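Engineer: sequence plus predicted model, see below.
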Amino acid sequence: MSEKFKLNKQDMKKVGKGALIALGGTILTILQEAIPNIDFGKYTVIVVGLNSVLVNFIRLWVAGK
């Protein structure tokens with residue numbers, strides 16, 4: 001853990017992983033909306049969040065730790 005108001009290399013790795021997970025959720029949502037007759041409308045933000053959780057779950061499950 002780094003000092004207050006500073007980030008070390010380990011912290012930046014965690015931020016990067018979180019960003020990739022969020023990006024994965026966004027991409028998954030875009031791919032789902034590309035399927036005909038699927039439109040999340042005002043719930044898109046919720047679906048992105050849920051897809052991000054799903055991406056993280058799959059990442060941890062595949063890692064097998």
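Structural biologist: Received it, and whenever you're ready, just let me know what you need.
Engineer: spit out the contact partners of residue 44.
Structural biologist: 29, 33 (Cβ atoms under 8 Å, 6 or more residues apart in numbering). C-betas here are computed from N, CA, C, even on glycine.
Engineer: three-state assignment of it?
Structural biologist: helix (DSSP: H, G, I helix; E, B strand; the rest coil).
Engineer: against residue 15, how distant is it?
Structural biologist: Per Cβ to Cβ, to the nearest Å, residue 44 is found 24 Å from residue 15.
Engineer: where's residue 12 relative to residue 55, distance?
Structural biologist: Distance, residue 12 to residue 55, using Cβ to Cβ: 20 Å.
Engineer: how about residue 63?
Structural biologist: From residue 63 to residue 55 the distance is 13 Å (Cβ to Cβ).
Engineer: now do residue 42
Structural biologist: Taking Cβ to Cβ, one finds residue 42 at 22 Å from residue 55.
Engineer: neighbour count winner among the two?
Structural biologist: Legend: neighbour count by other Cβ atoms under 10 Å for residue 42 and residue 55, higher for residue 55 (19 against 6).
Engineer: now the more buried one. Its backbone dihedrals?
Structural biologist: Backbone dihedrals for residue 55, given as degrees, to the nearest 10, come out at phi -60, psi -40.
Engineer: list the contacts of it.
Structural biologist: Taking Cβ under 8 Å, 6+ apart, one finds 21, 24, 25, 28 in contact with residue 55.
Engineer: any idea of the mean pLDDT for the top helix by length along the chain?
Structural biologist: Using DSSP state H, we find that the single longest helix of the chain is helix 9-33. Averaged across helix 9-33, pLDDT comes to 95.
Engineer: what comes into contact with it?
Structural biologist: With contact meaning Cβ under 8 Å, 6+ apart, helix 9-33 is reached by 1-2, 7, 38-40, 44, 47-56, 59.
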